[in-house]
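Participant: Give me a 3D structure for the following:
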Amino acid sequence: MIRPAFKSGRQLALICALAALPAGGWSACRQALSIGLDISGSVDVAEYRLQTDGLAGALRNPQVQQAFLAMPGAPVRLHIFEWAGIGTQRDLAPWTEITDTAALDNIADTLQATVRRPRQVQTAIGVAMLYGAGALNRQGECWRRTLDLTGDGKSNQGPRPRDVRNVPDMTDITVNALVISGAGQSHELFADLTAYFSAEVLRGPEAFVETALGFAAFQEAMERKLLKELQTFAIGHLKSQTQ
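Facilitator: As a prediction, this is how the structure comes out:
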């Protein structure tokens, strides 16, 4: 069971106030969100399905949908891709402006219909970061641009994540992560992997790591992460406008 979408009456009041503001006063887009799914060699067919179906389930969750639609005059734009080694990036859902629940349901349908390509052994996190940044840079008018990367292992091909975090293409992009523990992975190894993503991959003052204890827990972890990303920004922006 996921946490309640609104942790306090104050947060609920702020979100309601956002929804009531006139559309004409907003920019075109409050947040561009690009999600990159790890499909490297450590992710088997069953885990791939748990990941794509889990993201689809998260996008259908009523609380997540409410968070996406909290500011009707300034919608979120969503893009989803998969990645492994160099040259393996593939868009699963093109940039879509989320103006109603049907848009999220359509993306969820696409994810559930996606068929995995032959497995790629390598893990090129730095390349995935640059690919996501390229997609986000096509949404430059959005108030905020966020890249989410899922992963169950460290980078072993291409530029190191730390070496691409501050290249010009990454300017003003926040990078968050969802780290997944592998089958039989010890607590110590999972803690080390989470620390690696925190130190090497995250970018931006509000960047964070969400964790999933196995692919079976991926959907709940994705729900938590989306709620945190979408609600934190909406509330923070309203506060800045009303101070």
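Participant: Before we go further, Leu178 is sitting in a strand, right?
Facilitator: Yes: under DSSP: H, G, I helix; E, B strand; the rest coil, Leu178 falls within a strand.
Participant: for it, what are its contacts?
Facilitator: Asp148, Leu149, Thr150, Gly151, Val209, Glu210, Thr211, Ala212, Phe218, Ala221, Met222, Lys225 (CB atoms under 8 Å, 6 or more residues apart in numbering). C-betas here are computed from N, CA, C, even on glycine.
Participant: Of these, which belong to helices?
Facilitator: Secondary structure from DSSP state H places Phe218, Ala221, Met222, Lys225 of those in helices.
Participant: Name the nearest residue to Asn137, ignoring sequence neighbours.
Facilitator: Take Asn137 and drop its neighbours on the chain: the residue closest to it by CB to CB, 6 or more residues apart in numbering is Asp169, 6.3 Å away.
Participant: OK, contacts around that neighbour?
Facilitator: Per CB under 8 Å, 6+ apart, neighbours of Asp169: Leu130, Ala133, Gly134, Asn137.
Participant: Tell me how many other residues crowd Pro62.
Facilitator: Pro62 has 9 neighbouring residues, counting by other CB atoms under 10 Å.
Participant: same thing with Ala28?
Facilitator: Ala28, neighbours per other CB under 10 Å, totals 13.
Participant: Name all residues that make contact with it.
Facilitator: With CB under 8 Å, 6+ apart, Ala28 has these contacts: Ala74, Glu141, Cys142.
Participant: Can I get the buried ones among the residues you listed as something I can paste into ChimeraX?
Facilitator: One line in ChimeraX is enough to select the buried members of the contacts of Ala28, burial here meaning 16 or more other CB atoms under 10 Å:
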select :74,142
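Participant: Could you dump the contacts of Ala28 into CSV and include distance to Gln122?
Facilitator: Putting those into CSV (distance: CB to CB, whole Å) gives the following:
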residue, distance to Gln122
Ala74, 39
Glu141, 35
Cys142, 31
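Participant: Good, we can wrap up now.
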